[in-house]
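S.K.: My questions are about this predicted structure, shown below with the sequence.
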Amino acid sequence: MNLPNTLTIVRIFFVPLLVAALVQERVAIQIGSVHVTNEWLALAIFLCAAATDLLDGYLARRWRQVTTIGTLLDPIADKMLVSAALISLVQVRVLPAWMAILIVGREFAVSGLRSIAAAEGYTIKANDLGKTKMLAQVVGVSAMLLSVHHPALWPAAMAMMWGVVFFSILSALSYFRKFWRKIEGSIKKRRRRELLLLERKRQREKMRQMGTAAGAEGLGTTIWKPPEVS
C-alpha cells in the first residue's frame, strides 16, 4: 500500500476519535502548562484529518500513485469525516439538525450519482464548486467546534455554515446537471441495445422453429406407405 492510500485510511480512523473527543464533554489533556479541552482536541483531530485529505491527493498526483482503491476510498473518507463532525455537533446542540441532514443528504446523493456514473463508465471528478464546498466545510465545522464552549463565536460560525449549505446545494446541482444527461442517455442506449438483441434472439428462435416444422412436413410427404389391399 502506498502513502496516499495510507493517509486516506488514517483519515477514516480519525472519525471515531473526533466523535469521542467532541461528544465526551469531560475529555481534557494536560500538555505542560496548557490545558487542552475537548473542543480544542476535536478541532485538532478534524484539522489533521482535513490535512490528510489535501496531502493524499497531492501526493497521489505528484508521485503518479493514483489507484482504484484510493479513488474509491477518498470520497468515502471525506464524507465519513464531515458527516461524523456534523452529527456530533447536532448531538452537543450547537448545530441545527436540519442543516446537518441537508449537508449529509447532499453527500449521499452525490455518492449515488458517482456510483451510477461509474457503472456507466463515467468518472465524476471534483469541480471547482466541489472544492470550494469542501473548503467551506472545513472552515465552517472548525468554527462550530470552537463555538461549543465559546458561545460568542456561534453567530459567525452559523454564518459560515450557511455558506456551506449554499455551496453544497450549488455544487450538487452542478454535478447532476452535468452528468445526468450523459448517464440517462447511456442507460437508454444500453436498454435499446438489450431490447434489440432480445428481439433478434426471438427472431432466430422463430426461424429455427419454422425451419424445423417445414423439415418435418417435408419428411412426412416422402414416407412410403404400402397400398391398401381390397
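M.R.: Structure's in. What do you need? Numbers count the residues shown, from 1 in each chain.

S.K.: so where is this structure shaky, pLDDT-wise?
M.R.: 25-36, 123, 125-126, 214-230 (pLDDT under 70).

S.K.: residue nearest the centroid of it?
M.R.: Ser111 (2.4 Å; C-alpha atoms, centre = their mean).

S.K.: I'd like the distance from whatever helix or strand that residue lives in to the chain centre, please.
M.R.: Using DSSP states H and E, Ser111 sits within helix 97-119. Offset of helix 97-119 from its chain centre (C-alpha atoms, centre = their mean, to the nearest Å): 6 Å.

S.K.: Show residues contacting that helix.
M.R.: 75-76, 79, 82-83, 86-87, 89-90, 123-124, 137, 161, 164-165, 168-169, 171-172, 175-176, 179-180, 182-183 (C-beta atoms under 8 Å, 6 or more residues apart in numbering). In this view, the C-beta of every residue, glycine as well, is placed from N, C-alpha and C.

S.K.: So what angle separates the directions of the longest helix seen in the chain and helix 97-119?
M.R.: As assigned by DSSP state H, the longest helix anywhere in the chain is helix 154-221. With axes from the mean of the first three to the mean of the last three C-alpha atoms, to 10 degrees applied, the angle from helix 154-221 to helix 97-119 works out at 30 degrees.

S.K.: For helix 154-221, name the packing helices and strands.
M.R.: When contacts are defined as 3 or more C-beta pairs under 8 Å, 6 or more residues apart in numbering; DSSP states H and E, helix 154-221 packs onto helix 97-119, helix 128-146.

S.K.: Nearest to Leu198, out of the ones you listed?
M.R.: Relative to Leu198, the nearest member of these by C-beta to C-beta is helix 97-119, separated by 20.6 Å.

S.K.: Please point out which parts of the closest one sit buried.
M.R.: Of all the residues in helix 97-119, those buried under the rule 16 or more other C-beta atoms under 10 Å are 99-100, 103-104, 106-107, 110, 113-114, 116-117.

S.K.: tell me which residues of stretch 171-178 are tucked away?
M.R.: Per 16+ other C-beta under 10 Å, stretch 171-178 contains these buried residues: 171-172, 175.

S.K.: which of the residues you listed lies closest to Val66?
M.R.: Closest to Val66, out of all of these and judged by C-beta to C-beta, is Tyr175, at 20.5 Å.

S.K.: Test my guess that the closest one contacts Ile124.
M.R.: Yes: the criterion here is C-beta atoms under 8 Å, and Tyr175 meets it with Ile124 at 6.4 Å.

S.K.: Other residues contacting stretch 173-180?
M.R.: Contacts for stretch 173-180 (C-beta under 8 Å, 6+ apart): 110, 113, 117, 122, 124, 127, 129-130.

S.K.: can you rerun that using 10 Å?
M.R.: Stretch 173-180 has contacts (C-beta atoms under 10 Å, 6 or more residues apart in numbering) with 106, 109-110, 113-114, 116-117, 120, 122-124, 126-130, 133, 183.
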